[in-house]
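S.K.: From the sequence below, what's the structure:
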Amino acid sequence: MKLVIVFGPQAVGKMTVGQELAEITGLKLFHNHMTIELVSNFFSYGSKEGKRLVSLFRQEIFEEVAKSDLKGLIFTYVWAFNMQEDWDYVDSVCNIFKSKGGEIYFVELEAELEERLERNKSPLRLEHKPTKRNLEFSENELISSMKKYRLNSIDGEIKNENYIRINNTALEPLEVAEMIKERFKL
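M.R.: The predicted structure follows:
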């Protein structure tokens, strides 16, 4: 069992790269908005109820996948490196898979702000993430979160040996997915 965590700031291309990686590896994609969009039909993701439900759904999916005969899972996540609770969350997700003998791979994506603002409006993103369709709101959220959170790691901060950092500003999603597949022999 393999767990590939693809992380980086909003609109960096996590889901799109994850879709391509799933296609070329046979791993299943679980992008973070799958649960956010489900729950947002009832509660705002920012609400206490919304966060609790998203967390519960994710936890159950991780546990079931970790003990299944699936080849593995690609999970996308916006990791705030200046928030200990995000470090703890990533550790808890990894531990679910490690407890079942799983291998963990970290893929960090980064891209220039101008490119991310363009990607924020892409038809694929808006198709899969209805809560991002209010472009003024999602663009403001993208920019304001950069001021509040550190959304890319500092060199040497990620200690996992199965780690790759890719600046995908000028790369196609399939190109990035192939780099990941090759680096980790997925």
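
S.K.: For the rest of this, base every contact and every neighbour count on C-alpha atoms.
M.R.: OK.

S.K.: What pairs with the biggest strand by length in the chain, parallel or antiparallel?
M.R.: Longest strand of the chain, by residue count under DSSP state E: strand 103-110. Its sheet considered, strand 103-110 pairs with strand 2-7 (parallel), strand 163-167 (parallel) by DSSP bridges.

S.K.: pretty sure Leu29 is in a helix, no?
M.R.: No. Under DSSP: H, G, I helix; E, B strand; the rest coil, Leu29 sits outside any helix and is assigned strand.

S.K.: count of residues packed around it?
M.R.: 21 (other CA atoms under 10 Å).

S.K.: That one is in contact with Tyr77, isn't it?
M.R.: No. Between Leu29 and Tyr77 there is no contact under CA atoms under 8 Å: 11.9 Å.

S.K.: picking that back up, indicate which one of the strands paired with strand 103-110 is closest to Ser92.
M.R.: Of all the strands paired with strand 103-110, strand 2-7 sits nearest to Ser92, with 12.6 Å by CA to CA.

S.K.: For the protein, give me the ranges with low pLDDT.
M.R.: For the chain, the stretches flagged by pLDDT under 70 are 125-126, 130-131, 133.

S.K.: Just want the most central residue of it.
M.R.: Thr76 (1.6 Å; CA atoms, centre = their mean).

S.K.: Mind telling me what element it is part of?
M.R.: strand 72-77 (DSSP states H and E).

S.K.: Skip ahead from that strand and say which helix or strand is next.
M.R.: Helices and strands here follow DSSP H and E; after strand 72-77, the next one along the chain is helix 84-98.

S.K.: ok, which stretches of the chain are helices?
M.R.: 14-25, 33-40, 48-66, 84-98, 113-119, 123-128, 135-148, 173-184 (DSSP state H).

S.K.: Need the contact partners of stretch 164-174.
M.R.: The contact list for stretch 164-174, computed with CA atoms under 8 Å, 6 or more residues apart in numbering, reads 12-13, 16-17, 20-21, 106-112, 115, 176, 180, 183.
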